[in-house]
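# the following comprises the amino acid sequence and a computationally predicted model.
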Amino acid sequence: MLGQPDKQKQHDYLYWSFYERGAGQAVRIGDWKLVEQPLYSPIRLYNLASDIGEERDTAAQHAELVAKLTTVMKSAYVPNENWKLPDQAAAEKGK
């Protein structure tokens, strides 16, 4: 972002969670992006190298990759008392 790639720390993945529109989580590793939004809905997988607009969900074709990225996503989440993701029962009640 600062134009200094030699000073940029390399990370294994990028994880984020969001709280609007039913909450959700996502993780990116390389060209692959895994999305669960709204929370507790079917997980979607995109190859951003060939599908930057996230129009083709490839989760069904890459079960092992979905499992790997889901594990990373779930382990990366750190609860915060100010930003609580809804639990599954509450999310399903709101549907």
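Looks like it came in fine. This one's a predicted model, so the numbers in the text were calculated from it and none came from an experiment.

# average pLDDT across stretch 19-31?
If you average the pLDDT over stretch 19-31, you get 89.

# quick one: buried residues of that stretch?
Ala23, Gly24, Gln25, Ala26, Val27, Arg28, Ile29 (16 or more other Cβ atoms under 10 Å). For glycine as for every other residue, the C-beta is placed from the backbone atoms N, C-alpha and C.

# what does the longest helix along the chain contact?
Secondary structure of the chain per DSSP state H: the longest helix is helix 63-76. Helix 63-76 has contacts (Cβ atoms under 8 Å, 6 or more residues apart in numbering) with Tyr13, Tyr15, Gln25, Ala26, Val27, Ile29, Trp32, Leu34, Glu36, Ile43, Leu45, Ala59.

# okay, these in JSON lines with secondary structure and distance to Ile52 next?
Below are the contacts of helix 63-76 laid out as JSON lines (DSSP: H, G, I helix; E, B strand; the rest coil; distance: Cβ to Cβ, whole Å):
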{"residue": "Tyr13", "secondary structure": "coil", "distance to Ile52": "19"}
{"residue": "Tyr15", "secondary structure": "strand", "distance to Ile52": "20"}
{"residue": "Gln25", "secondary structure": "strand", "distance to Ile52": "20"}
{"residue": "Ala26", "secondary structure": "strand", "distance to Ile52": "15"}
{"residue": "Val27", "secondary structure": "strand", "distance to Ile52": "17"}
{"residue": "Ile29", "secondary structure": "strand", "distance to Ile52": "16"}
{"residue": "Trp32", "secondary structure": "strand", "distance to Ile52": "13"}
{"residue": "Leu34", "secondary structure": "strand", "distance to Ile52": "16"}
{"residue": "Glu36", "secondary structure": "strand", "distance to Ile52": "20"}
{"residue": "Ile43", "secondary structure": "coil", "distance to Ile52": "19"}
{"residue": "Leu45", "secondary structure": "strand", "distance to Ile52": "14"}
{"residue": "Ala59", "secondary structure": "helix", "distance to Ile52": "17"}
